[in-house]
Each structure stands twice: as structure tokens, then as C-alpha cells.
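Engineer: Please find the sequence and the predicted model below.
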Amino acid sequence: MNLARGSSDDTGSLLWGLGAIALYALISYGLDYRARARRGSRHPARDALHDLKDREEPQSPRHRIVSRVIMIGGGVLTGLVAYTTSGALRAVAAGLTAVVAVTAWAYYDHRTEIRDSAG
């Protein structure tokens, strides 16, 4: 009957996933804010928030594939780190790996978005 009720590990996986999405949004907002402030926007915070909400141009197929590979690779690497460590080291190592992976993913998406919109 364990399958019918689910396991506590499912909640942990859900929280890790939601945390990764929240971190991605926060990093994307920070990168957009910095770009808007450097370009001299009068309201960089508001403009960056609208940039997050209004993604007008989708990524090219090549950029979308690379973005997904970074995302999935980061998830696999985080899972591998969590699997190979234990105790308090597991939480720290997996957390740091996840932060680095999500940062790389958000930064890649930010840079390709600027390049695509400029060209």
C-alpha cells in the first residue's frame, strides 16, 4: 500500500524541482535587471519583471536544445551528487551543484536571448 499513499521522497523531489524553478526565475530576473540598468532604463526593476513575463521571441531550435541539455545535465549531475554522498554533505553538495547548474542554465538562456534579439 505504499504506492497508493506515495512516499516522503516524492515531496522532497517536488521541493527540489520547485526550488530549481524559483532559483531560475530569480537568477533570470537578476540578469535582466542588470542588463536593463546598464542600458539606462528609468525603471529597471519593473522592466526586468516584464521581461520575465513577456518572452516574445522563442529560442531557436538549436538554442532550445542546448538549454534543455544544460537543464537535464544539471539535474542528472545533482542527482548523481546526491546519490554518491550521504548525511549533511549530501544536502550541501547537492544544493551547491543545483545552484551552479541552474545558474549556468539561466545565464545561457539570458545570453542567447540577448544575442537573438540583437541579431
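Structural biologist: Looks like it came in fine.
Engineer: Residue 67: what's it in contact with?
Structural biologist: By C-beta atoms under 8 Å, 6 or more residues apart in numbering, the contact set of residue 67 is 59, 105, 108, 109, 112. Glycine gets a C-beta too; all of them are placed from N, C-alpha and C.
Engineer: Surely the third one is in contact with residue 66?
Structural biologist: Yes. The pair residue 108 and residue 66 qualifies as a contact (C-beta atoms under 8 Å) at a distance of 6.9 Å.
Engineer: Assess the claim that residue 19 and residue 98 are in contact.
Structural biologist: Yes. Contact status for residue 19 versus residue 98: in contact at 7.5 Å, counting by C-beta under 8 Å.
Engineer: who's more crowded, these two?
Structural biologist: Set side by side, residue 19 and residue 98 show more neighbours around residue 98, with 21 against 14, by other C-beta atoms under 10 Å.
Engineer: which ones are touching the more buried one?
Structural biologist: Counting by C-beta under 8 Å, 6+ apart, residue 98 has contacts 16, 19, 20, 23, 74, 78.
Engineer: Roughly how far does the second one sit from residue 26?
Structural biologist: According to C-beta to C-beta, to the nearest Å, residue 19 and residue 26 sit 10 Å apart.
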